[in-house]
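Peer 1: no FASTA, just this:
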């Protein structure tokens, strides 16, 4: 047997490991293409042509905000352009692909095959998750189902020691509600580099010791031409060069060492979310908790001693109200962002698989379904055995509750509907992501009046708020920071103002006595606005002071307590008379959906990361 000296053996082993791990690789890093914006498609075509001309590039990663508004047409166009690449390409979604998506982000999966990707190339494990506020404005979030998927990828790696490159649209900081979840997972492996977009600039970050590189947007912005990055990993160094298509590759702007950091549980540089607030209010007791394996992006309903909820894996299900144990589940083929409505034995909900479903609350069996032409993201309301619901196909429908037959169809909605409509004075009121706010005759579905805010930017549409009404007036808030009061009968604007005390956005509700409209500001305050005054008049100022706040969820009052959801897992109960904070409870760090008070002092809260909690409050 030939003798190998120890040093020679170690050197040979290192060389062997180098062959297995971390070989040379060169790829294109493209992000924030925003196809559907003014120059997005043209800029992406130029980049694709440029990448095709470079034979040294082995593949392409596109790291989110593929489109401007997440529409089916924009997604199809982006796919068509990317299909002309002559090398493998991999894509994930960002907030623009999900938050304003007419399909509830369902079309992204259909068009691109998946919203995640994972592959091994040249001794590196690449893994990428989509992220964004998914149909509900909030800080970003990696969907829970994406995190479950990431777990499966990392736990089934053939070689757990292989260098890992993790890709996500957002930076791994507080701009993501669950930034720490992904970090904690990848740090169990040999993560050496992370890539992201979102910020539209070339920049190096360091998150708990892991370097993360943000790439510039592919858009030209104020320049005459866009750009992307070329990443070369060689000799354990990742080099980043900005490329202006067809013009030049700029000199390298960054070098990042590719290192095994040997992370341990003690390397948490930033504190995880604190739940210390729960100890301040011992009168709030958790009765039960249910953890879904997908996101929950809608509210809940109660009927026959059951809680009905839905998730983004397409499941509608019922939990026992007393125990939280699952009683039944009904599967649809699309993500659900529609809040179920219950009437008697019937549960009605919309799905992004283009169907409106009615199931039995007793056993979850299908009673009927009605097929729309596009996704159904709107939430139904039921009155006198009629279900009213909007969809993404330009239609707003009234359906017979028992048979599912069409009662009437308003087919002239200039945008897609994601809200829950309001029934008031024999009319149906709702907004859409196409600028307009509508009032329809409840019996016939004919248009009574329509209003437009006059802003060309559809992201300012009065689409996400749940409108409220009192004293012959209908009230809305919108992302343009305006609150508007209409005459319910005529649509005449009684007043339309921005609040001096804070920036309203999409979260609102009505007091039980109809005297106040509750509005939550982006500055984390809660006010009550008079429903009788001829201008925006503050009738209640509360003690609530949250950090920067984006949750669009409805505010609800029950038995003199105002229930206020937040974008970071915190629920607050406020005394109606004094405005003082009675209690707070934090169940997670994700957006709180509309809360559901019931009984004497009980409330259900669900969060976007799939958690449902039943709370009791005692004085």
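Peer 2: Now that the structure is in, tell me what you want to look at. Just so you know, these numbers come straight off a predicted model, no measurement behind them. Numbering: from 1, shown residues only.

Peer 1: what distance do you get for the closest residue to residue 390 other than its chain neighbours to residue 102?
Peer 2: Excluding its sequence neighbours, the residue lying closest to residue 390 (Cβ to Cβ, 6 or more residues apart in numbering) is residue 417, at 2.8 Å. Heads up, the C-betas are built off the backbone N, CA and C, glycines and all. Distance, residue 417 to residue 102, by Cβ to Cβ, to the nearest Å: 10 Å.

Peer 1: ok, residue 525 touching residue 543?
Peer 2: No. With contacts counted by Cβ atoms under 8 Å, residue 525 stays clear of residue 543, the gap being 9.4 Å.

Peer 1: ok, now which ones touch residue 538?
Peer 2: 501, 527-530 (Cβ atoms under 8 Å, 6 or more residues apart in numbering).

Peer 1: could you dump the residues you listed into CSV and include pLDDT and neighbour count?
Peer 2: Listed next are those as CSV, based on pLDDT from 0 to 100; neighbours: other Cβ atoms under 10 Å:
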residue, pLDDT, neighbour count
501, 91, 13
527, 98, 22
528, 98, 25
529, 98, 25
530, 98, 18
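
Peer 1: may I ask you to name the longest strand in the chain?
Peer 2: strand 248-257 (DSSP state E).

Peer 1: what pairs with it, parallel or antiparallel?
Peer 2: strand 237-244 (antiparallel) (DSSP bridges).

Peer 1: ok, and what's touching the partner strand?
Peer 2: By Cβ under 8 Å, 6+ apart, the list of residues contacting strand 237-244 reads 28-29, 50, 193, 202, 213, 216, 225-233, 249-258.

Peer 1: for that strand, give the mean pLDDT please.
Peer 2: For strand 237-244, mean pLDDT rounds to 97.

Peer 1: buried residues in that strand, which are they?
Peer 2: 238-244 (16 or more other Cβ atoms under 10 Å).

Peer 1: next: stretch 545-558.
Peer 2: 546, 549-558.

Peer 1: nearest to residue 575 among those?
Peer 2: residue 557 (10.6 Å; Cβ to Cβ).

Peer 1: what helix or strand is that closest one located in?
Peer 2: strand 556-558 (DSSP states H and E).

Peer 1: who does that strand touch, helix- and strand-wise?
Peer 2: strand 504-510, strand 561-564, strand 596-598 (3 or more Cβ pairs under 8 Å, 6 or more residues apart in numbering; DSSP states H and E).

Peer 1: dump those strands into a markdown table; add mean neighbour count, mean pLDDT and distance to residue 46 as well.
Peer 2: Shown next, in a markdown table, are these (neighbours: other Cβ atoms under 10 Å; pLDDT from 0 to 100; distance: least, Cβ to Cβ, whole Å):
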| stretch | mean neighbour count | mean pLDDT | distance to residue 46 |
| --- | --- | --- | --- |
| strand 504-510 | 25 | 97 | 36 |
| strand 561-564 | 24 | 98 | 48 |
| strand 596-598 | 18 | 97 | 50 |
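
Peer 1: out of those strands, flag the one nearest residue 278.
Peer 2: So among the helices and strands packed on strand 556-558, strand 561-564 is nearest, using Cβ to Cβ, at 16.3 Å.

Peer 1: now do that closest one: which elements does it pack against?
Peer 2: For strand 561-564, the packing partners by 3+ Cβ pairs under 8 Å, 6+ apart are strand 516-521, strand 556-558, strand 570-575.

Peer 1: and the ones you listed as JSON lines, adding mean pLDDT?
Peer 2: Output for the helices and strands packed on strand 561-564, formatted as JSON lines (pLDDT from 0 to 100):
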{"stretch": "strand 516-521", "mean pLDDT": "98"}
{"stretch": "strand 556-558", "mean pLDDT": "97"}
{"stretch": "strand 570-575", "mean pLDDT": "98"}
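
Peer 1: which one of these is the most hemmed in?
Peer 2: strand 516-521 (a mean of 26; mean count of other Cβ atoms under 10 Å).

Peer 1: so how far is the next helix or strand after that strand off the chain centroid?
Peer 2: Per DSSP H and E, the first helix or strand lying C-terminal to strand 516-521 is strand 526-530. In terms of Cα atoms, centre = their mean, to the nearest Å, the centre of strand 526-530 is set 27 Å apart from its chain centre.

Peer 1: who does strand 526-530 touch, helix- and strand-wise?
Peer 2: strand 516-521, strand 538-541.

Peer 1: now do the longest one: everything it contacts.
Peer 2: Surrounding strand 516-521, the residues in contact under the criterion Cβ under 8 Å, 6+ apart are 468, 470, 475, 477, 483, 499, 501-505, 507-511, 526-531, 539-540, 544, 549, 551, 555, 557, 562, 564.

Peer 1: quick check: residue 111 touching residue 75?
Peer 2: Yes. With contact defined as Cβ under 8 Å, residue 111 reaches residue 75; the gap is 4.5 Å.

Peer 1: please say which of the two ends up with more neighbours.
Peer 2: residue 75 (26 against 20; other Cβ atoms under 10 Å).

Peer 1: picking that back up, which one of residue 525 and residue 543 has more residues nearby?
Peer 2: residue 525 (20 against 14).

Peer 1: need the pLDDT of the closest residue to that one other than its chain neighbours.
Peer 2: Using Cβ to Cβ, 6+ apart and skipping the chain neighbours, the partner closest in space to residue 525 is residue 502 (4.9 Å). Looking at residue 502, its pLDDT reads 93.

Peer 1: start at 59, not 1
Peer 2: Will do, 59 is the new start, and the previous item becomes residue 560.

Peer 1: residue 529: neighbouring residues, count only.
Peer 2: Neighbours around residue 529, by other Cβ under 10 Å: 12.

Peer 1: next one: residue 643
Peer 2: So residue 643, with other Cβ under 10 Å, has 23 neighbours.

Peer 1: show me the contacts for it.
Peer 2: Contacts of residue 643 by Cβ under 8 Å, 6+ apart are 335-336, 339, 342, 344, 628-629, 663, 671, 673.

Peer 1: swap in 6 Å and give it another go.
Peer 2: By Cβ atoms under 6 Å, 6 or more residues apart in numbering, the contact set of residue 643 is 336, 342, 629.

Peer 1: before we move on, what about residue 170?
Peer 2: residue 149.

Peer 1: I figured residue 498 hits residue 468, correct?
Peer 2: Yes. Proximity of residue 498 to residue 468 meets the contact threshold set by Cβ atoms under 6 Å, at 5.5 Å.

Peer 1: returning to that earlier point: and which of the contacts of residue 643 is nearest residue 139?
Peer 2: So of the contacts of residue 643, ranked by how close each gets to residue 139 (Cβ to Cβ), first place is residue 629, at 43.9 Å.
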